[in-house]
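Q: fold the following and give me the result.
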Amino acid sequence: MAQVSIVTSQAAGAIRDDDAMRFTFVGDSMTIGCAGDFTWRYRMWQHLTSTLGAPFAIVGPRSALYDTVAGAPVSHEYGAPDFPAGARAHLAGWGEGWLHMAPVIADTVAGHGTDVLLVSLGLIDLGFYTDSDRTALNARAFITAARTANPHVKMVLMPVIPNIRAESDAPFAAECDRFNELLAKAVADLDDPMSPVLLASRPPGYDIHDDTYDGTHPGPTGEHALAGAFADAMHQAWGLGGPYTARP
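A: Below is the predicted model of the structure:
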């Protein structure tokens, strides 16, 4: 991966001295991962490294994994030793959702010069904090805030994907489905040629019994499925990178 340098300025955000495209991963526990995980972020880094054909950087204010013993994001024990420290950056948190990320995304985009946001949020909001209507409003606020920091930022948003609670909790499953409809409407309403917003497709064939290790958090096949959904959306809509071919 091309090495880039970033100098930050509190007044003006990131001062760029290179032409690298900067990606920021935004998500909840499925994105931050646990100690020992590879993470779908690693799979995406591998994909971009092999297909992008241009300098890029992974940027964000955090880099740790969640440690279930400590109950905090304090681990750096990634499952892949070849995942460079400089590519482990993210804006993801265990138990965080649109509610938590909307107020901080502008500072992240400005401070790190983000060009592309890859966002997987919503399950935590619907499960613990807000209903589908409020969650959709928070997603819209997130998009608006990101654009205040970079009017040309690109975004790919993942709908809420299948999970174990939705399998047994019909009202919760209905809220997930309704939120996904509202998120699709938000993308249609807010998409802009200057700052495009894509809705990624739910990974085809995603099976919580095979692709996760606990019904929610992705195992290796699930990591590939999530990375592939983002990669294919960017390639099909923007010609960015290539088709995702690293599926196990």
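
Q: mind checking pLDDT for A110?
A: A110 is assigned a predicted lDDT (pLDDT) of 98.

Q: that one contacts N150, correct?
A: Yes: counting by Cβ atoms under 8 Å, A110 touches N150, with 7.2 Å between them. From N, CA and C alone the C-beta is placed, and that goes for glycine too.

Q: CA atoms only: put the longest helix seen in the chain into CSV for me.
A: Longest helix of the chain, by residue count under DSSP state H: helix 170-190. In CSV, the C-alpha atoms belonging to helix 170-190 read as follows (Å, rounded to 0.1, in the frame of the first residue of the first chain):
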residue,chain,number,x,y,z
ALA,A,170,-40.9,-10.4,14.8
PRO,A,171,-41.4,-6.8,15.9
PHE,A,172,-37.7,-6.2,15.8
ALA,A,173,-37.4,-7.8,12.3
ALA,A,174,-40.2,-5.5,11.1
GLU,A,175,-38.4,-2.5,12.4
CYS,A,176,-35.2,-3.6,10.6
ASP,A,177,-37.2,-4.0,7.4
ARG,A,178,-38.9,-0.6,7.8
PHE,A,179,-35.6,1.1,8.5
ASN,A,180,-34.0,-0.4,5.4
GLU,A,181,-36.9,1.1,3.4
LEU,A,182,-36.4,4.5,5.0
LEU,A,183,-32.7,4.3,4.4
ALA,A,184,-33.3,3.5,0.7
LYS,A,185,-35.5,6.6,0.5
ALA,A,186,-32.9,8.7,2.3
VAL,A,187,-30.3,7.6,-0.3
ALA,A,188,-32.7,8.4,-3.2
ASP,A,189,-33.5,11.8,-1.7
LEU,A,190,-29.9,12.9,-0.7
